[in-house]
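> sequence unavailable; structure follows:
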């Protein structure tokens, strides 16, 4: 195998800012994000630059039939992919020059958002690569296009948290029918906060999201994937600070 598939923990991609282009801030180590035609945030991440293959093109991300989800890329060495397994680990695989594919397994990758390695080199993982069965991109695309759920609304359990609230957990009530896979993304002022990755859900259902203690207004978005592709819902929740009244003026 003439190219290495290994992952540098110290150089894991971190989404910081959402913007429409890969600008100077991204080049300086602050990745930027845009949105694909099917509604997913595609983010320019970065690695330590030790992997081969050159810049990567994001091909798509879909739920896997056995749970978890997979995102596909293409570079000058061929196609490669990242499987996000249900136990939190990842598997990174790639095409072999003479045919077939190989993969490596490693710890969880952050952030949990499709398209992180757009325009960047594939991430690297330690250890020996083993033969792999490449996920079928065309079959996953076909499965994703079949509508298996109808989603009507997403309502948060609260619109605002009182000062000093011990828990800032929002229960999202998703109304609809059937089941599909989707991604729940939390941002604050356009900056990435957290993501569930692509997970399977049934409707109607309730999904919990934990917000940070930092005051401000948080946007929570649901983006449909396999079974409800292109369906998008969003809501906002405020985390408030302490309420202080001005001291009385002494006369």
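In hand now; what should we look at? If you're wondering where the values come from, they're calculated on a predicted model, not measured in any experiment.
> secondary structure element for residue 235?
Residue 235 is part of strand 232-239, with elements assigned from DSSP states H and E.
> run through the neighbouring helices and strands of that strand.
strand 149-156, strand 160-161, strand 169-188, strand 216-224 (3 or more CB pairs under 8 Å, 6 or more residues apart in numbering; DSSP states H and E). Every residue, glycine included, has its C-beta placed from N, CA and C.
> mind listing what's buried in that strand?
Within strand 232-239, the residues scored as buried using 16 or more other CB atoms under 10 Å are 233, 235, 237, 239.
> same thing with stretch 216-232?
Buried residues in stretch 216-232, counting neighbours by 16+ other CB under 10 Å, are found at 218, 220-229, 231.
> walking through the stretch 51-200 of the chain, point out its helices one by one.
137-145 (DSSP state H, counting those that start in this stretch).
> any low-confidence regions in it?
51-53, 110 (pLDDT under 70).
> can you give me the strands in it?
With strands called from DSSP state E, counting those that start in this stretch, the stretch 51-200 of the chain shows them at 57-63, 69-75, 78-84, 90-95, 101-106, 130-131, 149-156, 160-161, 169-188, 191-210.
> just give me the neighbour total for the residue lying closest to residue 57 once chain neighbours are set aside.
Of all residues not flanking residue 57 in the chain, residue 74 sits nearest, at 4.8 Å (CB to CB, 6 or more residues apart in numbering). For residue 74, the count of nearby residues is 17 (other CB atoms under 10 Å).
> what's the closest of the strands of the stretch 51-200 of the chain to residue 112?
With CB to CB as the measure, strand 191-210 is the member of these nearest residue 112 (4.0 Å).
> partners of the closest one, with directions?
Each strand paired with strand 191-210, and its direction, by DSSP bridges: strand 169-188 (antiparallel).
> still on that earlier bit, dump the helices and strands packed on strand 232-239 to a markdown table, plus distance to residue 127.
Listed next are the helices and strands packed on strand 232-239 as a markdown table, based on distance: least, CB to CB, whole Å:
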| stretch | distance to residue 127 |
| --- | --- |
| strand 149-156 | 38 |
| strand 160-161 | 44 |
| strand 169-188 | 29 |
| strand 216-224 | 33 |
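> and residue 108, which of those strands is closest to it?
For residue 108, the closest of those is strand 169-188, at 16.0 Å, according to CB to CB.
> just the endpoints, please. Distance across stretch 97-111?
Counting by CA to CA, to the nearest Å, you get 30 Å between the two ends of stretch 97-111.
> in that stretch, what counts as buried?
For stretch 97-111, the neighbour count (16+ other CB under 10 Å) marks 101-106, 109-111 as buried.
> same deal with stretch 64-78?
Neighbour-count burial for stretch 64-78 flags 64, 68-75, 77 (criterion: 16+ other CB under 10 Å).
> gap between the two ends of it?
Terminal residues of stretch 64-78 lie 21 Å apart, using CA to CA.
> next one: it to chain centre, how far?
With CA atoms, centre = their mean, to the nearest Å as the basis, stretch 64-78 stands 13 Å off its chain's centre.
> and if you look at stretch 169-179?
The answer for stretch 169-179 is 19 Å, by CA atoms, centre = their mean.
> ok, now stretch 97-111?
Its chain's C-alpha centre and that of stretch 97-111 lie 18 Å apart, by CA atoms, centre = their mean.
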